[in-house]
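Q: Everything below, folded, please.
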Amino acid sequence: MTASHRKRVMFYVQHLLGVGHQARAAAITRAMQANNLEVHYVSGGFDESRQDLGDARYVQLPPARTADASFTTLLDVNGQPVDTAWENRRRQALLDTYAAIAPDVLLVESFPFGRRRFRFELLPLLEAANGKSAIAASVRDILVERDDPKRTQWIIDTARSFFNTIIVHGDPAVAPFSDTFAGADAIADMICYSGYVTAPPVTATEPRTESVLVSAGGGAVGGPLLRTAIAARPLTKLANAPWQLATGPNMAEFDRKSLIVPPGVTVDTFFSNFRHILTKVTVSVSQAGYNTVMDLYTTGTRAVLVPFSSHGETEQSRRAEILAGRGHFQVVPEESLTPETLARAIDRALDAAPPDPAGIHFNGAHRTAEIVAALAGGKPPPHSL
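A: The predicted structure is shown next:
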């Protein structure tokens, strides 16, 4: 099939706080291109992390980010709260983008399970695409849990009204979607599990060195973890080993300046070779975001997880609980984080077996591309892993 006759995919991605959604979406974007799909990546967030999108056609909407981890206030490019006029401009830009692309498949990241704040543009987009494009949702395996039957029913109704397929980027043998979405049974016939979206396993070429890597993901909420790790270092069995800290690109300047860095500890914003570094260290300390945990699995790295749980967030805590139950990682709940509890967990990780990824499906990007390609060709997507 020539480039001019390739099926077109419009992939809507709204990044708000961390970089995990962007990294997962970028991996899916590259896989779709490898499956001979023409991908138009439509970003509603800020482009700080510079993800590798291959040859995808990048479209930047007027960007928005959340003011903080409460996700209650959206800020525009000038750092001002968005208003109705901004919403009207962005909605029109999104609708114009859809009309210009005329995609065979509209792939929407998170919605309707997340990103409800963007209903002002996404519901009109779905109405415009209804009957013209196949529509699929791209959603992670574990959601923030809400005890809200009306909200659950709204999600079910929206999925049934507009979507052909719900692509869940996980493995039901690890975390069934029904564990954190109460309405999963009502849309069970629409759900396709892709397996986890991550890079292939890394084969270490050198033995691990006695060292520790502490990373804060995107960094927006990582300051307390890094400060506590520095204080925990002299209390661990690895007190004399080199420690590397990664703040992430979104750490506030106040948190950066609050880090009192002793000899033997280095601080960087991020590591482009993060997974390679993981293959070398003895222990990793991090939050429990989707991408970080997948990197720990595919590099076989002993780790301590400190899941982000402020502002009612439950996703990382649930992930950490599930994986610790498999005996794979040590966990320190955020509310229990002290230098002493972290030091003890690091020592436990040092003595534990590395995580065993056997039996877990990690080919999520490739399988997502296969599902989208089937939709583009008017075929039913495969539902079993």
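Q: make it CA atoms for all contacts and neighbour counts henceforth
A: Noted.
Q: show me the contacts for residue 340.
A: Residue 340 makes contacts with 232, 235, as judged by Cα atoms under 8 Å, 6 or more residues apart in numbering.
Q: repeat for residue 360
A: Neighbour list for residue 360: 171, 173, 174, 195 [criterion: Cα under 8 Å, 6+ apart].
Q: which one of those is nearest residue 44?
A: residue 195 (25.6 Å; Cα to Cα).
Q: Quick check: that closest one touching residue 384?
A: No: using Cα atoms under 8 Å, residue 195 is not in contact with residue 384; the gap is 10.0 Å.
Q: which of those two has more neighbours?
A: The residue with more neighbours, out of residue 195 and residue 384, is residue 195; 27 against 9, by other Cα atoms under 10 Å.
Q: per-residue confidence at that one?
A: Per-residue pLDDT puts residue 195 at 96.
Q: separation between residue 158 and residue 10?
A: 19 Å (Cα to Cα, to the nearest Å).
Q: ok, the two, which is more surrounded?
A: Set residue 158 next to residue 10 and count neighbours by other Cα under 10 Å: residue 10 wins out with 25 against 16.
Q: which among the contacts of residue 360 end up buried?
A: Buried subset of the contacts of residue 360 (neighbour count, 16 or more other Cα atoms under 10 Å): 171, 174, 195.
Q: Dump the residues you listed to TSV, plus secondary structure.
A: Output for these, formatted as TSV (DSSP: H, G, I helix; E, B strand; the rest coil):
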residue	secondary structure
171	coil
174	coil
195	coil
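Q: Residue 305: neighbour count?
A: Counted with other Cα under 10 Å, residue 305 comes out at 29.
Q: you'd agree it is up against residue 285?
A: Yes: applying Cα under 8 Å, one finds residue 305 in contact with residue 285, separated by 6.1 Å.
Q: Can you point out the buried residues in stretch 309-317?
A: Buried residues in stretch 309-317, counting neighbours by 16+ other Cα under 10 Å, are found at 309, 313, 314, 315, 316, 317.
Q: and these, which of them are in helices?
A: Among the buried residues of stretch 309-317, the residues falling in helices (DSSP state H) are 315, 316, 317.
Q: now, which of those sits nearest residue 259?
A: Set against residue 259, the nearest of these by Cα to Cα is residue 316 (24.4 Å).
Q: Which one among the buried residues of stretch 309-317 sits at the bottom for pLDDT?
A: Where pLDDT dips furthest among the buried residues of stretch 309-317: residue 313, at 81.
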